[in-house]
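Student: build the 3D model from these lines:
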Amino acid sequence: MSRSSVFASAVAGGASESMSPADHPGQLLFVGFPGYDVPEDLAALVRSGRVGGVILFKRNVRDPEQVRRVVDELHGLAPADAPLVVALDQEGGRVQRLRAPWTEWPPMRSLGRRSPDETARFARALATELRDCGFDLDFAPVVDVDSNPDNPVIGDRSFGGSPEIVAAHAVAFIEALQDEGVAACAKHFPGHGDTDLDSHLALPKLDLDLARLREIELPPFRAAVEAGVASVMTAHVLFPRLDDKRPATLSPDVMQILRGELAYDGLVFSDDIEMRAMADHWSSHACSIGVIEAGVDSILVCSRADLRDEVLAHLEAAPDALLEAPIRRMQAFKECYSGGRAAGRAAPPYAHHLALAESLGAERIAGVDVDPTERA
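Tutor: Numbers count the residues shown, from 1 in each chain. The predicted model follows:
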């Protein structure tokens with residue numbers, strides 16, 4: 001009997017000696033939802049352990065009291081042995097879900113022009129604000145090297161145009177954020193910085209060989225791995241010299257660079273599979289089972305409940321052997337970062353953080369209303 005069949009039987013029968021929600025395939029699924037309140041269909045999935053995490057967007061944020069209520073509710077719904085991870089993208093600049101009265105931070109490019117020590121100060125302050133809301137995971141930092149001035153989606157989200165600068169600041173960010181109890185995520189592997197297309201809207205292609213990747217794109221990811229980053233996110237980008245059919249998220253050849261050459265055995269997330277780079281070219285089965293087969297552990301479905309349910313059905317029908325390593329990694333991640341366990345009780349505004357943001361803001365936050373990550 002498969003893992004999901006055992007779990008279904010346990011739920012129906014009310015007891016099981018061998019199965020817990022932590023073993024359920026749905027633990028590999030991270031999802032989003034519309035509005036300011038947790039929908040009942042999502043609440044039911046969280047209660048039964050059939051979702052591993054929830055990601056909040058600008059559409060879910062009204063004010064500090066509402067955010068804390070929603071995050072606390074989500075954590076409270078989860079089974080004790082399968083605590084929920086509640087996540088968001090809080091980078092600074094164009095991409096930050098929590099804005100005033102929370103601190104509005106400058107883009108990573110501003111930090112990259114300063115010292116890594118100041119990036120660490122920023123990350124510690126950022127972690128405090130996230131902990132106080134009960135968040136477990138920040139899908140940051142961007143460790144892509146800003147090597148293409150025509151890139152519409154990375155640009156000032158990157159620390160800079162050299163791998164050395166990006167690596168130094170990524171390590172400072174990761175270590176400081178995680179020391180304060182919030183998981184970091186290095187993105188977008190193996191590198192999105194040289195594209196001239198936005199993967200939210202199309203499938204970018206980079207005609208780069210492995211030697212070039214080792215020189216420019218990979219060093220910041222290697223540094224992040226060596227710094228103990230809690231998670232990595234893939235790029236929906238095609239690298240035809242490595243795999244001429246599948247983007248990184250679906251490519252065993254690309255993922256083997258991360259798992260083999262960089263020796264990373266931590267949690268790997270797909271970027272949102274609703275993005276058109278994926279959704280326009282591959283089925284929901286490929287975007288779930290194919291992703292896991294490639295070496296990714298967790299699938300993001302950031303908006304659509306129908307796609308969420310399709311992916312969940314595919315995961316629940318998958319062979320146990322395919323899911324064992326991803327579930328092991330998810331469980332290890334959750335032992336360190338889940339359940340809002342480090343949540344504080346302070347609330348914005350944070351006067352000393354506002355002063356810090358002002359001191360770091362060598363350039364004004366540009367294009368605040370043009371957040372490419374909110375399109376999916």
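Student: right, and S147 touches I165 too?
Tutor: No: applying C-beta atoms under 8 Å as the test, S147 and I165 come out as separate, 11.7 Å apart. Every residue, glycine included, has its C-beta placed from N, CA and C.
Student: pretty sure D198 sits against D150.
Tutor: No: between D198 and D150 there is no contact under C-beta under 8 Å: 11.1 Å.
Student: the more surrounded of the two?
Tutor: Shown here are D198 and D150; by other C-beta atoms under 10 Å, D198 has more neighbours (19 against 9).
Student: check contacts around the more buried one.
Tutor: Counting by C-beta atoms under 8 Å, 6 or more residues apart in numbering, D198 makes contact with P152, V153, P204, P372.
Student: and if you look at F221?
Tutor: Counting by C-beta under 8 Å, 6+ apart, F221 makes contact with V143, A186, F189, P190, G191, V232, L258, L262.
Student: so how many other residues sit close to R124?
Tutor: 18.
Student: does L45 belong to a helix or a strand, and which?
Tutor: Assigned by DSSP states H and E, L45 belongs to helix 40-47.
Student: check which helices and strands that helix sits against.
Tutor: On a contact count with 3 or more C-beta pairs under 8 Å, 6 or more residues apart in numbering; DSSP states H and E, helix 40-47 meets helix 64-77, helix 305-316.
Student: can you give me the angle the shortest one makes with helix 40-47?
Tutor: With axes from the mean of the first three to the mean of the last three C-alpha atoms, to 10 degrees defining the directions, helix 305-316 sits at 30 degrees from helix 40-47.
Student: how far is the next helix-or-strand element following helix 305-316 from where the chain is centred?
Tutor: Downstream of helix 305-316, the first helix or strand assigned by DSSP H and E is helix 320-336. Offset of helix 320-336 from its chain centre (C-alpha atoms, centre = their mean, to the nearest Å): 16 Å.
Student: same check on stretch 100-114?
Tutor: Between the centre of stretch 100-114 and the centre of its chain there are 19 Å (C-alpha atoms, centre = their mean).
Student: then stretch 180-195?
Tutor: So, by C-alpha atoms, centre = their mean, the centroid of stretch 180-195 is 8 Å from its chain's centroid.
Student: can you flag the buried ones in the contacts of D198?
Tutor: If you count burial by 16 or more other C-beta atoms under 10 Å, the buried members of these come out as V153, P204, P372.
Student: which of those residues sits closest to H314?
Tutor: Nearest to H314, judged by C-beta to C-beta, of the buried ones among the contacts of D198 is P204 at 25.6 Å.
Student: got a list of what the closest one touches?
Tutor: For P204, the contacting residues are H192, T195, D196, L197, D198, H236, V237, L238, A277, by C-beta under 8 Å, 6+ apart.
Student: pLDDT score assigned to the nearest residue to T195 once chain neighbours are set aside?
Tutor: With C-beta to C-beta, 6 or more residues apart in numbering as the criterion, T195 has its nearest non-adjacent residue at 3.9 Å, and that residue is P204. The model reports P204 with a pLDDT of 89.
Student: next SSE downstream of the lowest-mean-pLDDT helix or strand in the chain?
Tutor: Of all regular secondary-structure elements in the chain, judged by mean pLDDT, DSSP states H and E, the least confident is helix 3-13 with a mean of 44. Beyond helix 3-13 on the C-terminal side, the first helix or strand identified by DSSP H and E is strand 29-31.
Student: can you give the strand pairings for that following strand, parallel or anti for each?
Tutor: Partner strands and pairing direction for strand 29-31 (DSSP bridges) are strand 53-56 (parallel), strand 298-301 (parallel).
Student: so what touches the first one?
Tutor: Residues external to strand 53-56 that are found in contact with it (C-beta under 8 Å, 6+ apart): 29-33, 42, 46, 67, 70-71, 74, 84-89, 97, 136-137, 139, 298, 300, 302.
Student: ok, the last one next?
Tutor: Residues from elsewhere that reach strand 298-301, judged by C-beta under 8 Å, 6+ apart: 28-32, 52-53, 55, 267-274, 287-288, 291-292, 307-308, 311, 315, 326, 330.
Student: now the buried ones among the contacts of D198 as JSON lines including secondary structure and distance to H353?
Tutor: Formatted as JSON lines, those follow (DSSP: H, G, I helix; E, B strand; the rest coil; distance: C-beta to C-beta, whole Å):
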{"residue": "V153", "secondary structure": "coil", "distance to H353": "27"}
{"residue": "P204", "secondary structure": "coil", "distance to H353": "35"}
{"residue": "P372", "secondary structure": "helix", "distance to H353": "25"}
